[in-house]
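Novice: dropping the sequence and predicted coords here.
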Amino acid sequence: CCCCCCCLYLSCLLLLLLILRSCLSCLFLYLLILDKKMSSIDLLFKVAMGGFFFVGLSTLGTYKYFQRKITNMDCYKLAVDTAKECDSVKEILGDNIEVEPVYLFDGVTKVHPMAARLLIPVKGQDSAEGDLKMEAVRDTPESNWRLASLVLRTTWPVVTKVDIVKDYKFTNPTSQEQQEQQL
């Protein structure tokens, strides 16, 4: 549960930094504009716009930071590598599979030290696109991730659904043994 505490601590720290940055930027703009004669409405508008700009920029930076953290997780890499090795995925998307960053507010993405559920957008050749819905678990925070489910759902040009974990185990019987040996 150390990972949860660290993530919560980092989230609170980032939120406090955002608030502090917003306040400092508003104060700076207020002092910068104070020398000129302006109406209070104009001044208030300029200070508010500066604050919104800095808070928006900081929020975007935080969003991108957490996207990178999830993309660097072992369970994410395991899901993407397994999908790229699966023959049925190669038939649908082709050999050149592009993986896009995870959307954090898609209603599916949840990460816990012992379990993770991600929705990973993917694109293939010939403009085929869809997503990988992955659920992974592990016994302890130090152990390796195991895929509980991995499903490819394409949305363009044809709607298909492939259960990659079942298909991958069937075509590569040694893959399950390799995963168990890693534990």
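Specialist: It's in.
Novice: immediately after the longest strand belonging to the chain, which helix or strand?
Specialist: The residue-count maximum for a strand in the chain (DSSP state E) belongs to strand 146-156. Sequence-wise, the next helix or strand downstream of strand 146-156 (DSSP states H and E) is strand 160-163.
Novice: partner strands of that following strand and their direction?
Specialist: strand 146-156 (antiparallel) (DSSP bridges).
Novice: now do the buried residues in the partner strand.
Specialist: Across strand 146-156, burial judged by 16 or more other CB atoms under 10 Å covers R146, L147, L150, V151, L152, T154. Backbone N, C-alpha and C define where each C-beta goes, glycine included.
Novice: could you dump these to JSON lines with distance to G61?
Specialist: What follows is those, written out as JSON lines (distance: CB to CB, whole Å):
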{"residue": "R146", "distance to G61": "33"}
{"residue": "L147", "distance to G61": "31"}
{"residue": "L150", "distance to G61": "31"}
{"residue": "V151", "distance to G61": "32"}
{"residue": "L152", "distance to G61": "31"}
{"residue": "T154", "distance to G61": "32"}
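Novice: among the residues you listed, which one lies nearest to G94?
Specialist: T154 (11.6 Å; CB to CB).
Novice: one step back: in CSV, list the C-alpha atoms belonging to the longest strand of the chain.
Specialist: The C-alpha coordinates for strand 146-156 follow below in CSV (Å, rounded to 0.1, in the frame of the first residue of the first chain):
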residue,chain,number,x,y,z
ARG,A,146,-0.4,-11.4,-14.6
LEU,A,147,-3.0,-10.6,-17.3
ALA,A,148,-6.5,-11.5,-16.1
SER,A,149,-8.0,-10.4,-19.3
LEU,A,150,-6.9,-8.6,-22.5
VAL,A,151,-9.5,-7.8,-25.1
LEU,A,152,-9.1,-6.0,-28.4
ARG,A,153,-12.2,-4.2,-29.6
THR,A,154,-11.9,-2.5,-33.0
THR,A,155,-14.2,0.3,-33.9
TRP,A,156,-13.1,1.2,-37.4
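Novice: in terms of pLDDT, where does A115 sit?
Specialist: With respect to pLDDT, A115 has a value of 94.
Novice: quickly list what it is bridged to.
Specialist: V137.
Novice: burial of it, as a residue count?
Specialist: Using other CB atoms under 10 Å, A115 has 14 other residues around it.
Novice: where does this structure have low pLDDT?
Specialist: Low-confidence segments of the chain, defined by pLDDT under 70: 1-10, 12, 25-26, 28-40, 43, 168-183.
Novice: now with 50?
Specialist: 1-2, 183 (pLDDT under 50).
Novice: rewinding a little: which residues are in contact with the longest strand of the chain?
Specialist: Here strand 146-156 makes contact (CB atoms under 8 Å, 6 or more residues apart in numbering) with 75, 78-79, 82-83, 88-89, 92-93, 122, 127-138, 159-165, 168, 179, 183.
Novice: having no further points to raise, I will conclude here.
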